[in-house]
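Chemist: my questions are about this predicted structure, shown below with the sequence.
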Amino acid sequence: MGRDRNKKIHLIERANKRLLGESEMDCPKATQDLELNTKNRDKSIDADYIKYGPLNLSDDEYWEELADHWNTKVAVAKKSLCGNCVAFDISPRMDDCMPGQVSDKEGRLGYCWMHHFKCHSARTCRTWAAGGPIKDDKVSYEWQEKNKQS
Ligand code: SF4
C-alpha cells in the first residue's frame, strides 16, 4: 500500500519534471530484461575480481575469503555491503524501474551501476567502494550518463 502510494507520487513528480523540460532517461536494460540481469549477475558471481555473494548469507567461508582478500577482519568485511556501496542505486526513479517486490527480511534490491544487475543490500563484492547508497534521482541519472560515455 505504502509503496504504491509512494510510486504514484514519484510518477507525478517525474511527469512534472518532464513538463518543465527536465530530461528523463530510460530504465537500465537489466532492470527490464531478466535474462540480461541473470547473465550479468552470474558473471559477477564467477569473476575473480568481483565474486558477488554470498549466495547464502551465513556462508562463513565467503566472508573469510573476502576478509583475506581485503586484508582485514571478517567483522569489518561484513560492514562493506551493497547496501552502503557507492554504486548501489535505490533512488525513487530506480525503484520505479524495479519490477515486483524490492524488499525481503534481509534487506532490499537495488541496481548496481558497476556490474549492471539487481543486487541485494545484504551481499557484497570485491569491487565494493564506500559512499553509497545512491538515493537521489539526480545522482542516479549522473551514473547513467557516465555509463553511456564509457
Ligand atoms: S553494489 Fe557495489 S558491492 Fe554490490 S555488486 Fe555492485 S559494486 Fe559490488
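Modeler: Perfect, I can see it now.

Chemist: state the distance from His120 to Ser91.
Modeler: According to Cβ to Cβ, to the nearest Å, His120 and Ser91 sit 17 Å apart. All C-beta atoms are positioned from the backbone trio N, CA, C, and that covers glycine.

Chemist: and for Tyr49?
Modeler: 26 Å.

Chemist: the more surrounded of the two?
Modeler: Ser91 (21 against 9; other Cβ atoms under 10 Å).

Chemist: so what's the more buried one up against?
Modeler: With contact set as Cβ atoms under 8 Å, 6 or more residues apart in numbering, Ser91 has these partners: Ile134, Lys135, Asp136, Asp137, Val139, Ser140.

Chemist: close to the ligand, is the helix or strand encompassing the fifth one?
Modeler: Per DSSP states H and E, Val139 falls inside helix 137-149. No. Under the criterion of Cβ under 6 Å from any ligand atom, helix 137-149 makes no contact with the ligand; the nearest approach is 11.1 Å.

Chemist: restricting to C-alpha, output that helix in CSV.
Modeler: Provided in CSV are the C-alpha atoms of helix 137-149 (Å, rounded to 0.1, in the frame of the first residue of the first chain):
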residue,chain,number,x,y,z
ASP,A,137,17.4,10.7,-8.8
LYS,A,138,19.9,13.3,-9.9
VAL,A,139,22.9,11.1,-8.8
SER,A,140,21.3,8.1,-10.4
TYR,A,141,21.0,10.0,-13.7
GLU,A,142,24.6,11.0,-13.4
TRP,A,143,25.7,7.4,-13.1
GLN,A,144,23.6,6.5,-16.1
GLU,A,145,25.2,9.3,-18.1
LYS,A,146,28.7,8.2,-17.0
ASN,A,147,27.9,4.7,-18.1
LYS,A,148,26.7,5.9,-21.5
GLN,A,149,30.0,7.6,-22.1
